[in-house]
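Asker: got a structure for you, letters missing:
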């Protein structure tokens with residue numbers, strides 16, 4: 001049987017309010033982190049999620065959990081676990097790990113892009129310099 005879950009957590013991470021959207025299918029989790037300025041209202045978060053969900057860039061690498069429980073949990077224990085989860089602030093360590101990996105991927109992508117841009121700028125300046133030198137030689 002396939003299990004699917006979706007969880008959105010908003011918490012204060014000095015100096016901003018941060019939202020973490022976790023989507024899970026079976027034993028894998030993908031994460032998307034977004035930053036709000038001031039504390040968002042419930043309806044603002046809901047509207048933002050509805051409007052921008054298609055543009056979210058979830059983590060490309062999913063976390064797989066191999067030791068998941070398949071046994072039935074006592075209802076009282078389940079209730080305690082739910083209450084414990086509700087009291088917890090922030091995000092899980094798995095989510096933090098995934099976000100860190102995603103951040104590293106974005107960093108390497110940006111580095112590659114910046115390197116290409118710098119190379120293009122160097123080539124453009126070189127060409128301008130050559131044209132200027134050529135024009136001087138012609139006597140313009």
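Answerer: Good, I have the coordinates. A quick note: this is a predicted structure, and the numbers were derived from the prediction, not measured. Numbering: from 1, shown residues only.
Asker: skipping adjacent residues, who's closest to residue 2 in space?
Answerer: Across the structure, with C-beta to C-beta, 6 or more residues apart in numbering as the measure, the residue nearest residue 2 apart from its sequence neighbours is residue 26 (5.7 Å). (Glycine included, C-beta is placed from N, CA and C.)
Asker: that neighbour and residue 125: what is the separation?
Answerer: Residue 26 is 53 Å from residue 125, where distance means C-beta to C-beta, to the nearest Å.
Asker: what's the first helix or strand after the lowest-mean-pLDDT helix or strand in the chain?
Answerer: When each helix and strand of the chain is scored by mean pLDDT, DSSP states H and E, strand 63-64 comes last, with a mean of 56. Once strand 63-64 ends, the next helix or strand along the chain (criterion: DSSP states H and E) is helix 75-87.
Asker: now that following helix: buried residues?
Answerer: Of all the residues in helix 75-87, not one is buried under the rule 16 or more other C-beta atoms under 10 Å.
Asker: if you count contacts, what does the longest helix along the chain end up packed against?
Answerer: For the chain, the helix that runs over the most residues, judged by DSSP state H, is helix 93-138. For helix 93-138, the elements it packs on are strand 16-25, strand 28-36, strand 63-64, judged by 3 or more C-beta pairs under 8 Å, 6 or more residues apart in numbering; DSSP states H and E.
Asker: test my guess that residue 101 contacts residue 33.
Answerer: No: under the criterion of C-beta atoms under 8 Å, residue 101 makes no contact with residue 33, lying 11.9 Å away.
Asker: ok, these two, which is more surrounded?
Answerer: Counted by other C-beta atoms under 10 Å, residue 101 and residue 33 do not tie: residue 33 has more neighbours, with 21 against 15.
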